[in-house]
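[1] Okay, sequence plus prediction incoming.
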Amino acid sequence: MEEIVEPLLGWYAENARDLPWRREVTPYRVWISEIMLQQTRVEAVKGYFARFIGALPGPAELAAVDERELLKLWEGLGYYSRARNLQKAARVIMETYGGELPASHEELLTLPGVGPYTAGAVASIAFGLPEPAVDGNVLRVLSRLTADNSDIADPAVKRAAERTVRGIIPAGRAGAFNQALMELGATVCAPNGPPACGRCPLAGLCAAHAAGNETAYPVKAAKKARRVEERTVLLLVRDELLALRRRPAKGLLAGLWELPNLPGALDGAGAVEAARTLGLAPLRVEPLGPAKHIFTHIEWHMTGYRVTVEEAQAGEGLEWIDPRGLREDYPLPSAFSAYLAPYLAPGG
DNA sequence: AACACGGGGTC
DNA sequence: GACCCAGTGTT
């Protein structure tokens, strides 16, 4: 496998994308970018990265930031436990490592939210340590290169890939080499459709390309079907105010804010009853129609109602807010955007 | 080993 | 609609 090293490094030197976290390479910036990039495309991360670094330029600021502000900076990126773990890790960095990220793979691995991939990425990119950083891109590239039929979802396959990479990391070039492998997977040996073998520096070394069946790799077990959940969403209106509720600290969309909602596809009478259960006195109910939101593992089919309520009652666990402050102050998942769109629009 | 955990781009 | 993304933590 060693023969891929030189062509890959040469290609990367010419073709590395100009990305915000490559402009200035510090351990903190590498770490933040790698966490953001977990299961998330480069294009989606760019804007978040700049804003996040501007607001929280180092571990000290991250360790101290208010949770709502932190989630607001992460709003829309998904997998919100990444943000909480980032802060937990920042506190460890402040208390245990004197405010600097530890320069060892083993210590990086102990930080919350840092697994084998991220520890390897930070170790190699930020500290130049010869550690593999095997992600989905690398697994795809290697499986095509060797026409390997084993399921890349199998942890044993990933361990083997890490062993392979570790064995060929060029001295002093670990960061460039790992990034080159990922960059090739992201821009040339891409998922979704045929790879751009015409632009690949490894085409001549690739078993899948020789056989002309690149798209047969990587082999991956079929995913489980999503489950559908019916939910009724309440847009509760009291005078000019709107009711929001904070989600539980654990589970789906933990700690984010939401429109009050409950299981089932209720009719108007059911929506009125639900508002009463929340301690409110409904005056009027209007259907807002259906909406759908797709998570990775769940599909919400929502039925929405605007329920206007009397001013006397505050309701159970609700926060009444001026919709104009929605965009500024409350970390919201995108799941409710269909019902909130009128309020989130500029000037709305 | 299987599942929970977001959101969006692409074919 | 299906796939899948610079994965990690929990059970």
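    Arrived safely. Residues are numbered from 1 along each chain as shown, chains lettered A, B, ... in the order given.
[2] The longest helix seen in chain A packs against which elements?
    Looking across chain A with DSSP state H, the single longest helix is helix A:81-96. Helices and strands touching helix A:81-96, as assessed by 3 or more CB pairs under 8 Å, 6 or more residues apart in numbering; DSSP states H and E, comprise helix A:27-37, helix A:59-64, helix A:67-74. For glycine as for every other residue, the C-beta is placed from the backbone atoms N, C-alpha and C.
[3] could you check the angle helix A:81-96 makes with the longest one?
    This means helix A:27-37. Here the directions of helix A:27-37 and helix A:81-96 differ by 160 degrees (axes from the mean of the first three to the mean of the last three CA atoms, to 10 degrees).
[4] near DNA strand B, anything from helix A:27-37?
    No: using CB under 7 Å from any atom of the strand, we find that helix A:27-37 stays clear of DNA strand B, coming within 8.9 Å at best.
[5] quick revisit: winner for burial among the helices and strands packed on helix A:81-96?
    Of all the helices and strands packed on helix A:81-96, helix A:27-37 carries the top mean neighbour count, a mean of 22, counting by mean count of other CB atoms under 10 Å.
[6] Quick one: classify residue A:171 as helix, strand or coil.
    Assigned state for residue A:171: coil (three-state reduction, DSSP: H, G, I helix; E, B strand; the rest coil).
[7] Surely it touches residue A:130?
    Yes: Residue A:171 lies in contact with residue A:130 (CB atoms under 8 Å); the separation is 7.5 Å.
[8] For these two, indicate the residue with more neighbours.
    Counting neighbours by other CB atoms under 10 Å for residue A:171 and for residue A:130 shows that residue A:130 has the greater number, 19 against 7.
[9] Give the next helix or strand downstream of the strand or helix carrying residue A:208.
    Element membership of residue A:208 [criterion: DSSP states H and E] is helix A:207-211. Once helix A:207-211 ends, the next helix or strand along the chain (criterion: DSSP H and E) is strand A:227-238.
[10] Dump the helices and strands packed on helix A:81-96 to TSV, plus mean pLDDT and distance to residue A:220.
    Shown next, in TSV, are these (pLDDT from 0 to 100; distance: least, CB to CB, whole Å):
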stretch	mean pLDDT	distance to residue A:220
helix A:27-37	98	20
helix A:59-64	98	35
helix A:67-74	97	28
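[11] of these, which approaches residue A:49 most closely?
    Relative to residue A:49, the nearest member of those by CB to CB is helix A:27-37, separated by 5.7 Å.
[12] quick one on the thing from earlier: what residues are shared contacts of residue A:171 and residue A:130?
    Common neighbours of residue A:171 and residue A:130, counting by CB atoms under 8 Å, 6 or more residues apart in numbering, are absent.
[13] from memory residue A:127 sits against residue A:103, does it?
    Yes: using CB under 8 Å, residue A:127 is in contact with residue A:103, at 4.6 Å.
[14] Compare these two and say which is more crowded by neighbours.
    Counting neighbours by other CB under 10 Å for residue A:127 and for residue A:103 shows that residue A:127 has the greater number, 18 against 15.
[15] Report the secondary structure state of the closest residue to DNA strand B within chain A.
    With CB to the nearest atom of the strand, the shortest gap between chain A and DNA strand B falls at residue A:78, namely 2.5 Å. At residue A:78 the chain is in coil, as set by three-state DSSP.
[16] Give me the pLDDT for the nearest residue to it once chain neighbours are set aside.
    Spatially, and ignoring its direct neighbours in sequence, residue A:78 is nearest to residue A:40 (7.1 Å; CB to CB, 6 or more residues apart in numbering). Per-residue confidence (pLDDT) for residue A:40: 95.
[17] Alright, that wraps it up for me.
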